[in-house]
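Peer 1: fold the following.
(one chain, ligands or ions: 1)
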Amino acid sequence: MHFLPEAIDQYILEHSAKEPEFLAKLNRETNQKVLQPRMLSGNYQGRILSLISKIIAPKTILEIGTYTGYSALCLAEGLPKEGILHTIDINEELYDFQQKYFQASEYKNQIKQYIGDAQEIIPQIEEKFDLVFIDADKPNYPAYFDLIIEKMNPGGVILSDNVLWSGKVVEPVKAEDESTQALLKYNKMLAEDERVETVILPIRDGLTLTRVK
Ligand SMILES: C[S@@+](CC[C@H](N)C(=O)[O-])C[C@H]1O[C@@H](n2cnc3c(N)ncnc32)[C@H](O)[C@@H]1O
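Peer 2: Residues are numbered from 1 along each chain as shown. The predicted structure is shown next:
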């Protein structure tokens, strides 16, 4: 969704960090070979994820929703040498694609891939997280928050993608629209939870920045 006039979007792109060639290649190959390439974070949001990660310098990152690995590689840019990024996706058909790019990257020893349902895998990861990126199935966002909140280090940051859901969060909600209903619940939960501070950023489809107290 475009929140700003196209000319402003273009100006922002021209005056923001450029997409590294390695990620541009991944982006192109996703568009050529994988279904639903719009799911990939893309150049602008990718640079935001990279910069936030570099500012935090997280020792442990969790990503829920790997897809073809674009956002994982952006987030990995902020890892210190000993840092680890755990990334989960339920779609096993994406594994080889992810693996090819992770192995070719400078983070090949720092990325752990998991295939399966995030709600089953998260409790098995015995780590506390400094940075979490939630970008999987929307109906489970509230469940993901409940699972990770106790596994966050103080001062840790949770990023949640698509929280404005193409503007549907301010429109009448259809009874069968599970994703919008879940996102409305999720946005309210985060705004009211006293363990965290939250702001929604009108970036792309809405990106929530949450800091754990
Ligand atoms: C929007 S895409 C992720 C895009 C990726 N983060 C990026 O920016 O390049 C969402 C992904 O979540 C995965 N997914 C959906 N339900 C899931 C679940 N229950 N557990 C883990 N992954 C899930 C899908 O297979 C899909 O690849």
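Peer 1: if I look at the most far-flung residue of the chain relative to its centre, how far off is Lys54?
Peer 2: Distance to the chain centre peaks in the chain at Ala175, reaching 27.1 Å (criterion: C-alpha atoms, centre = their mean). According to C-beta to C-beta, to the nearest Å, Ala175 stands 43 Å off from Lys54. From N, CA and C alone the C-beta is placed, and that goes for glycine too.
Peer 1: in a strand, the residue farthest from the centre of the chain, correct?
Peer 2: No: going by DSSP: H, G, I helix; E, B strand; the rest coil, the assignment for Ala175 is coil, not a strand.
Peer 1: which residues of this protein lie near the ligand?
Peer 2: When proximity is defined as C-beta under 6 Å from any ligand atom, the chain approaches the ligand at 39-41, 65, 67, 70-71, 88-91, 117-118, 135-137, 140.
Peer 1: any of the residues you listed buried? List them.
Peer 2: Neighbour-count burial (16 or more other C-beta atoms under 10 Å) applied to these gives 39-41, 65, 67, 70-71, 88-90, 118, 135-137, 140.
Peer 1: who touches the lengthiest strand in the chain?
Peer 2: For the chain, the longest strand by residue count, based on DSSP state E, is strand 152-161. Outside strand 152-161, the residues that touch it by C-beta atoms under 8 Å, 6 or more residues apart in numbering are 41, 45, 49, 52, 56, 58, 60, 65, 128-135, 141, 145, 148, 186, 190, 196, 204-213.
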